[in-house]
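[1] compute the structure for the input listed below.
(one chain, ligands or ions: 1)
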Amino acid sequence: SRSDVHNFAAGPSPLPTPVLEEAAKGLLNYKGTGMGICELSHRSKEFEAIIFGAEANLRKLLSIPDNYSVLFAQGGATTQFSSTLLNILAYRRMQHKADTSYTPPPVDYVVTGTWSAKAHQEAQRLCMPPQPGAEPLAHPRIAATTKPTKYTTLPKADEYSFSPDAAMVYYCENETINGIEYPLDQSSPCAFPYDKIPEGVPLVGDYSSSFISRPIPHLERHAVIHAGVQKNLGPAGVTVIIVRNDYLVDTTEAMKLGGIPPVPIQNEYKILADNQSLYNTPPVFAIYVSALVLEYLLAKGGIENLEKTNREKARVLYETLEKAEAAGTVRMVVREKDARSWMNVVWEQVGEGANEKFLKGADGKGFRQLKGHRSVGGIRASLYNAVTVESVQGLSEYIDGFSA
Ligand code: PMP
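    Okay, here's the model as predicted:
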């Protein structure tokens with residue numbers, strides 16, 4: 001049963017049991033209507049109350065200022081690799097409306113792991129010249145990268161080189177596969193260099209795997225924050241976008257000016273905002289469960305409580321692993337302590353076949369979905385919001401007692 005299992009999945013990930021119990025009821029008979037939530041119109045008063053309530057609760061949880069829109073989109077965070085670029089390029093074009101000699105701008109990517117590398121690759125693909133010999137649509141650059149360390153560190157302030165004229169700066173706050181996260185402590189040498197980003201250049205952050213695990217530093221410095229919800233917030237199928245209202249641009253108008261690519265209507269932030277995320281049928285079930293999770297988290301004490309609990313879970317597990325590393329049974333993958341993720345903890349057990357033996361033994365004790373991503377191997381424990389301190393303590397005891 002659920003109570004015998006400690007689920008450390010990287011995403012889709014565990015959800016709070018009381019929320020799933022409530023959702024199971026709503027799936028069959030939503031609030032006594034005799035109809036399940038997936039059987040009600042997305043334009044019904046019942047669903048409107050859910051989606052607008054979810055937005056209000058998310059605003060409360062993260063203290064999102066009024067000059068930002070909160071959007072619920074489909075297509076996963078991967079779709080946002082394209083949408084962020086396309087909307088920001090349209091914004092850039094509108095800023096240069098009167099400019100008859102508009103030139104393709106640089107677009108700066110900070111590449112600190114698999115997901116930011118993918119966002120950069122998508123930019124390269126979308127910016128290719130529309131026909132041979134034509135100009136590219138923009139020039140994607142790498143403003144900093146830790147590829148040489150195989151993404152086991154974070155760049156230091158003097159290793160970033162932003163173009164003063166960039167159309168945007170893009171980064172990923174938590175690299176789910178590599179276990180790398182920007183530290184909350186802004187005085188750390190690994191901290192994200194918000195103050196080095198040239199004034200007026202839009203900042204875009206992928207918060208998929210750290211969303212609502214703790215406060216977002218410098219939220220107001222961002223143009224766009226996007227996050228697939230399937231880690232900390234709900235079932236896969238919906239992506240949250242927090243966008244400052246001046247970046248909501250009519251991409252058709254921008255396209256008419258020339259120099260920017262067509263933007264499929266589903267990718268346009270303005271159309272989503274103008275229609276309160278109900279331009280077309282949204283993923284109703286994913287939004288419903290996310291709304292229940294938000295209510296549940298607010299009732300449990302909001303973002304301060306989440307930060308406190310998540311800090312504690314990470315402390316317990318890293319202390320255990322560091323002790324095991326000193327004893328020679330574990331090798332930590334992320335070399336810099338300040339770069340270690342609170343959400344995705346990655347390591348290797350030392351010795352021939354030790355990882356497999358560790359995973360097999362863990363499975364027998366109910367510690368599930370600990371296998372590292374197929375691209376990197378090893379072990380990964382994801383400590384999202386629904387993972388309890390007790391589960392982490394249990395896993396730590398197992399690590400303590402494990403010998404290959
Ligand atoms: N960014 C990050 C940080 C992720 O962890 C993921 C998925 N694990 C993605 C983007 C891609 O998200 P999706 O699968 O929802 O497209």
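
[2] quick check: the residue of the stretch 1-150 of the chain nearest the ligand.
    Closest contact between the stretch 1-150 of the chain and the ligand, by Cβ to the nearest ligand atom, is at Gly76 (2.6 Å). In short, each C-beta sits where N, CA and C put it, glycine included.

[3] so where do the strands sit in this protein?
    Along the chain, the segments classed as strands by DSSP state E run 6-7, 68-73, 106-111, 139-145, 169-172, 174-175, 180-181, 203-206, 224-228, 239-244, 330-332, 344-349, 367-368, 379-382.

[4] is the ligand contacted by the third one?
    Read it as strand 106-111. No - Strand 106-111 does not reach the ligand (Cβ under 6 Å from any ligand atom); its nearest approach is 12.6 Å.

[5] now do the buried residues in that strand.
    Residues 106-111 are the ones in strand 106-111 that count as buried (16 or more other Cβ atoms under 10 Å).

[6] who touches the closest residue to Glu295 other than its chain neighbours in this structure?
    The spatially closest residue to Glu295, leaving aside those adjacent along the chain, is Asn57, at 6.3 Å (Cβ to Cβ, 6 or more residues apart in numbering). Counting by Cβ atoms under 8 Å, 6 or more residues apart in numbering, Asn57 makes contact with 291, 294-295, 298.

[7] wait, what's in contact with the nearest residue to the residue of the stretch 1-150 of the chain closest to the ligand once chain neighbours are set aside?
    Nearest residue to Gly76, sequence neighbours excluded (Cβ to Cβ, 6+ apart): Gly228, at 5.1 Å. Contact analysis of Gly228 by Cβ under 8 Å, 6+ apart lists 11, 76-77, 208, 236, 238-239.

[8] filter the residues you listed down to just the buried residues.
    Among those, those buried by neighbour count (16+ other Cβ under 10 Å) are 11, 76-77, 208, 238-239.

[9] what's the burial count for Arg92?
    23 (other Cβ atoms under 10 Å).

[10] my bad, should have said Thr252
    Residues near Thr252, counting by other Cβ under 10 Å, number 14.

[11] same question, the one 10 residues further on
    For Pro262, the neighbour count with other Cβ under 10 Å is 11.

[12] my guess is it meets Met255, correct?
    Yes - with contacts counted by Cβ atoms under 8 Å, Pro262 reaches Met255, the gap being 5.9 Å.

[13] what does the stretch 1-150 of the chain have sitting close to the ligand?
    11, 76-78, 115.

[14] widest-spaced pair of those residues?
    Gly11 and Thr78 (12.6 Å; Cβ to Cβ).

[15] give me the residue from the stretch 251-400 of the chain nearest the ligand.
    Nearest residue of the stretch 251-400 of the chain to the ligand (Cβ to the nearest ligand atom) works out as Asn344 at 8.4 Å.

[16] list phi and psi for the nearest residue to Lys156 once chain neighbours are set aside.
    Leaving aside its sequence neighbours, Lys156 sits nearest to Pro189 (Cβ to Cβ, 6+ apart; 5.4 Å). Dihedral pair for Pro189: phi -60, psi -20, per degrees, to the nearest 10.

[17] which residues touch Gly259?
    By Cβ under 8 Å, 6+ apart, the contact list for Gly259 reads 93, 102, 104, 137.

[18] oh, that last question was meant for Val330, not what I typed.
    Contacts of Val330 (Cβ under 8 Å, 6+ apart): 321, 324, 347-350, 399.

[19] quick check: the gap between the closest residue to it other than its chain neighbours and His6.
    Residue nearest to Val330 in three dimensions, not counting chain neighbours: Ala324, with 3.8 Å by Cβ to Cβ, 6+ apart. To His6, Ala324 is 18 Å away according to Cβ to Cβ, to the nearest Å.

[20] kindly report the same for Arg93.
    50 Å.

[21] again, but for Gly351
    Distance from Gly351 to His6, counting by Cβ to Cβ: 24 Å.

[22] what do you get for Arg125?
    Taken as Cβ to Cβ, the span from Arg125 to His6 is 40 Å.

[23] and for Ser69?
    37 Å.

[24] do the same with Thr145
    Using Cβ to Cβ, Thr145 is found at 35 Å from His6.

[25] from the contacts of Asn57, which land in helices?
    When helices are assigned by DSSP state H, the members of the contacts of Asn57 inside them are 291, 294-295, 298.

[26] which one of those residues is nearest to Met168?
    Using Cβ to Cβ, these come closest to Met168 at Leu294, 28.4 Å.

[27] what mean pLDDT does stretch 297-311 get?
    Stretch 297-311 shows a mean pLDDT of 98.

[28] that stretch: which residues count as buried?
    Within stretch 297-311, the residues that count as buried by 16+ other Cβ under 10 Å are 297, 302-303, 306, 309-310.

[29] which parts of stretch 72-84 are buried?
    72-73, 75-77, 79-84.

[30] residues in contact with the residue lying closest to Tyr288 once chain neighbours are set aside?
    With Cβ to Cβ, 6+ apart as the criterion, Tyr288 has its nearest non-adjacent residue at 4.9 Å, and that residue is Ile37. The contact partners of Ile37, taken as Cβ under 8 Å, 6+ apart, are 23, 26-27, 30, 46-47, 50, 284-285, 288.

[31] which of those fall in helices?
    Counting by DSSP H, those place 23, 26-27, 46-47, 50, 284-285, 288 in helices.

[32] quick check: the gap between Leu370 and Asn232.
    Leu370 is 18 Å from Asn232, by Cβ to Cβ.

[33] so which of the two has more stuff around it?
    Each of Leu370 and Asn232 has its neighbours counted (other Cβ under 10 Å); Asn232 has more, 26 against 23.

[34] just the pLDDT for the more buried one.
    Asn232 is given a pLDDT of 97.

[35] cool, Ser101 as well?
    89.

[36] next: Ala404.
    Taking Ala404 on its own, its pLDDT is 73.

[37] and it, how many neighbours?
    13.

[38] what separation do you get for it and Ala327?
    On the measure of Cβ to Cβ, Ala404 and Ala327 end up 12 Å apart.

[39] swap in Gln80?
    With Cβ to Cβ as the criterion, Gln80 and Ala327 are 42 Å apart.
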